[in-house]
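> Here is a sequence with its predicted model. Questions after.
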Amino acid sequence: EAEVAQSPRYKITEKSQAVAFWCDPISGHATLYWYRQILGQGPELLVQFQDESVVDDSQLPKDRFSAERLKGVDSTLKIQPAELGDSAMYLCASSFGDGNTIYFGEGSWLTVV
Amino acid sequence: KQEVTQIPAALSVPEGENLVLNCSFTDSAIYNLQWFRQDPGKGLTSLLLIQSSQREQTSGRLNASLDKSSGRSTLYIAASQPGDSATYLCAVLPSNYQLIWGAGTKLIIKP
């Protein structure tokens, strides 16, 4: 069964350093999402792509976060500089489009020390 | 503004019992509602998606219902098993196509 691939699975970084997460969606899925999830809460959307275009990044802290999906396939989420409050799980998800079932990757745990 | 609430936050039941998880939302103008399962430290797995025109969806021992007029959805789990222990989240898709999430119900099935 096709899966959304994410890496790294776990990342520990020092405050003010840069960190990057990678996501490969299910083949054929035009819509890609990056979510942040804090323990005990529902996911928070950071950015949504339709192919290579950003359709929603209203919740993305653009002073330190950036996301790209240059060829409309895989995607990278970068944080620079990382802050203590960024410690969370970063989830990538994909779907055929709005209103369709969303499939999540295993997530990337970030700890900022 | 759409808000999604899941009560209770945690639930513990003996193995074999049938149980119901609740999800309520404040605005009935939705396109669909989805139920997800999340195991500790893992990503989310989609369980059921109910379109706004549907009343329920079934998959194996799971049955999800949707009542838009009352702003409620329930996830029914039949003959619960220890492997069903997880956090269950619901999410609604409103007109702006950005999913609105509940905080989840942590379910523990005791052997």
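Okay, I see it.
> Over in chain A, which residue gets nearest chain B? Let me know.
For chain A and chain B, the shortest gap (Cβ to the nearest Cβ) falls at residue A:42, measuring 3.0 Å. All C-beta spots, glycine's among them, are computed from the backbone N, C-alpha and C.
> can you pull the contacts of that residue?
B:4, B:89, B:91, B:101, B:102, B:103, B:104 (Cβ atoms under 8 Å, 6 or more residues apart in numbering or on different chains).
> ok, so of those, who is nearest chain A?
residue B:101 (3.0 Å).
> Wait, the closest one touches residue B:4, no?
Yes: between residue B:101 and residue B:4 there is a contact under Cβ atoms under 8 Å: 6.1 Å.
> which residues do those two both contact?
Each of A:42, B:90, B:91 lies in contact with both residue B:101 and residue B:4 under the rule Cβ under 8 Å, 6+ apart.
> got a markdown table for these, with distance to residue A:23, pLDDT and secondary structure too?
Output for the shared contacts of residue B:101 and residue B:4, formatted as a markdown table (distance: Cβ to Cβ, whole Å; pLDDT from 0 to 100; DSSP: H, G, I helix; E, B strand; the rest coil):
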| residue | distance to residue A:23 | pLDDT | secondary structure |
| --- | --- | --- | --- |
| A:42 | 19 | 90 | coil |
| B:90 | 24 | 97 | strand |
| B:91 | 19 | 95 | strand |
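> Report the buried residues of stretch A:46-53.
Using 16 or more other Cβ atoms under 10 Å in any protein chain shown as the test for burial, stretch A:46-53 gives A:46, A:47, A:48, A:49.
> In strands only, show me those residues.
A:46, A:47, A:48, A:49 (DSSP state E).
> Could you list the contact residues of chain B toward chain A?
Selection of chain B residues close to chain A by Cβ under 8 Å from any Cβ of the partner chain yields B:4, B:31-32, B:34, B:36, B:41-46, B:49, B:89, B:91, B:93, B:97-99, B:101-104.
> Was I right to think residue A:92 contacts residue A:75?
Yes: contact status for residue A:92 versus residue A:75: in contact at 7.0 Å, counting by Cβ under 8 Å.
> Please identify which of those two sits among more neighbours.
Set residue A:92 next to residue A:75 and count neighbours by other Cβ atoms under 10 Å in any protein chain shown: residue A:92 wins out with 27 against 24.
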